[in-house]
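Novice: A structural model of the following input is requested.
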Amino acid sequence: MERTAINPWDWSLKVGYNQAEIVTGATRQITVSGQTSVNAAGEVQHPGDMRAQLALALDNLAAVLDAAGAGPRDVTRLGIYTTDMEQAMANFDLLGARFGAQGATPPTTLLGVAALAMPGLMIEIEATAAT
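Specialist: Now for the predicted structure:
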């Protein structure tokens, strides 16, 4: 698989993502549903703690990708939903640590929402990956 970054301007690179990517030579696509701060039983963890919720959502995303035979470098798009934009941005270094450390800068959209699927959730991350 080959990925070509498209960045008509560079401001998004400073925050850790490309504006677009052209993906060629992929043989399969993986669509990952929104991952949140829940344990293996589906119970919300870390209510009120954005940093801990983001970390667990990223752990859950990594587990799903791993089970599909993929990893952060294979992610071609992230969709992130949050009930608290200010707190999400204040903790985005966790995203950079997980993806940036592997040289991954997938196109990303961050949206503020009124609520997520279960009370207490503050952030949800969905992904598309290709291998």
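
Novice: rest of the way, CA atoms for contacts and neighbours
Specialist: Will do.

Novice: Show me what the longest helix along the chain is in contact with.
Specialist: Selection of the longest helix in the chain by residue count, based on DSSP state H, yields helix 50-67. Identification of contacts with helix 50-67 by Cα atoms under 8 Å, 6 or more residues apart in numbering yields 32, 35-38, 45-47, 71-72, 87-88, 91, 94-95, 98, 121-126.

Novice: How about that helix, which residues are buried there?
Specialist: Neighbour counts over helix 50-67 (16 or more other Cα atoms under 10 Å) mark 50-62, 64-65 as buried.

Novice: Out of the residues you listed, the closest to residue 5 would be?
Specialist: Of all the buried residues of helix 50-67, residue 5 sits closest to residue 65, with 21.7 Å by Cα to Cα.

Novice: Could you check how far that closest one is from residue 37?
Specialist: Distance, residue 65 to residue 37, using Cα to Cα, to the nearest Å: 16 Å.

Novice: One more: residue 57?
Specialist: Here residue 57 is placed at a distance of 5 Å from residue 37 (Cα to Cα).

Novice: which residues do these two both contact?
Specialist: Common contact partners of residue 57 and residue 37 (Cα under 8 Å, 6+ apart): 123, 124.

Novice: okay, stretch 43-60 in CSV with CA atoms only?
Specialist: Extracted C-alpha coordinates of stretch 43-60, given in CSV (Å, rounded to 0.1, in the frame of the first residue of the first chain):
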residue,chain,number,x,y,z
GLU,A,43,-19.3,-0.2,31.1
VAL,A,44,-18.3,3.4,30.9
GLN,A,45,-14.9,4.1,32.6
HIS,A,46,-13.4,7.4,33.9
PRO,A,47,-16.5,9.6,34.0
GLY,A,48,-15.5,13.3,33.9
ASP,A,49,-11.9,12.6,33.1
MET,A,50,-11.3,13.5,29.4
ARG,A,51,-7.6,12.4,29.4
ALA,A,52,-8.3,9.0,30.8
GLN,A,53,-11.3,8.5,28.5
LEU,A,54,-9.2,9.5,25.5
ALA,A,55,-6.5,7.1,26.5
LEU,A,56,-8.9,4.2,26.9
ALA,A,57,-10.7,5.0,23.6
LEU,A,58,-7.3,4.9,21.9
ASP,A,59,-6.4,1.6,23.7
ASN,A,60,-9.8,0.2,22.5
